[in-house]
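>>> Sequence unavailable; structure follows:
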């Protein structure tokens, strides 16, 4: 699957495709550092804001990583998994899919790229057989929680990861069934 997206500005377009083995893990790692820098500056220690290339490789092994590129630069990413295995006690539905590290380069904000990556993640999770998607984000990132809520996500609990300094709000959304292939 290769998706061409055009943002709000006619000069901004991004090609969305699967992450390839020959892509730069270092470049992929630096994207969430930039994308989550505002959260880090506000004192919210999102794992993505400080992860190492080794952490990125580990996270890549847990799902399908998709990237948005402008020429040869990665400007957006999301990783999906379905069904996704959550830790014991995590307040999410059994068999639900998930995505993580939805990140858009600050230069691409307002172009619709984040929404396109979210739609791709939901589509892939449904195609992989999950009827729900469950995610989490900092409960202090109210603008981000509101962004997800406007897109149909509902809070269903909280969770505390050992790699962050905040409680996360866990959000769930029912997905339409995938069309038969």
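That came through, no problem. Quantities reported herein were computed from a predicted structural model and do not represent experimental measurements. Numbering: from 1, shown residues only.

>>> SS state for the closest residue to residue 83 other than its chain neighbours?
The spatial neighbour of residue 83 that comes closest, neighbours along the chain excluded (C-beta to C-beta, 6 or more residues apart in numbering), is residue 95 at 4.7 Å. To be clear about C-beta, it is placed using only N, CA and C from the backbone, and glycine gets the same treatment. Using DSSP: H, G, I helix; E, B strand; the rest coil, the structure places residue 95 in coil.

>>> Residue 95 and residue 130 touch, don't they?
Yes - contact criterion C-beta atoms under 8 Å: residue 95 and residue 130 qualify, at 6.1 Å.

>>> tell me, what's touching those two both at once?
By C-beta atoms under 8 Å, 6 or more residues apart in numbering, residue 95 and residue 130 have these common neighbours: residue 83.

>>> for residue 165, helix, strand, or coil?
With three-state DSSP as the basis, residue 165 sits in coil.

>>> Can you tell me how far it is from residue 105?
As for residue 165, its distance to residue 105 is 24 Å (criterion: C-beta to C-beta, to the nearest Å).

>>> Looking only at neighbour counts, state which of those two leads.
Neighbours were counted for residue 165 and for residue 105 using other C-beta atoms under 10 Å; residue 105 has more, 21 against 12.

>>> Local confidence estimate at that one?
Residue-level confidence at residue 105 comes out at 97, pLDDT.

>>> In the longest helix along the chain, which residues are buried?
Secondary structure of the chain per DSSP state H: the longest helix is helix 113-127. Using 16 or more other C-beta atoms under 10 Å as the test for burial, helix 113-127 gives 113-114, 116-118, 120-127.

>>> After that helix, which helix or strand is next?
Downstream of helix 113-127, the next assigned helix or strand under DSSP states H and E is strand 132-138.

>>> any idea of the angle that following strand forms with helix 113-127?
Orientation check (axes from the mean of the first three to the mean of the last three C-alpha atoms, to 10 degrees): strand 132-138 against helix 113-127 gives 140 degrees.

>>> For strand 132-138, enumerate the helices and strands it packs against.
strand 98-104, helix 113-127, helix 142-150, strand 168-174 (3 or more C-beta pairs under 8 Å, 6 or more residues apart in numbering; DSSP states H and E).

>>> what do you get if the cut-off is 10 Å, keeping everything else the same?
Applying 3 or more C-beta pairs under 10 Å, 6 or more residues apart in numbering; DSSP states H and E, one finds that strand 132-138 makes contact with strand 98-104, helix 113-127, helix 142-150, strand 154-159, strand 168-174.
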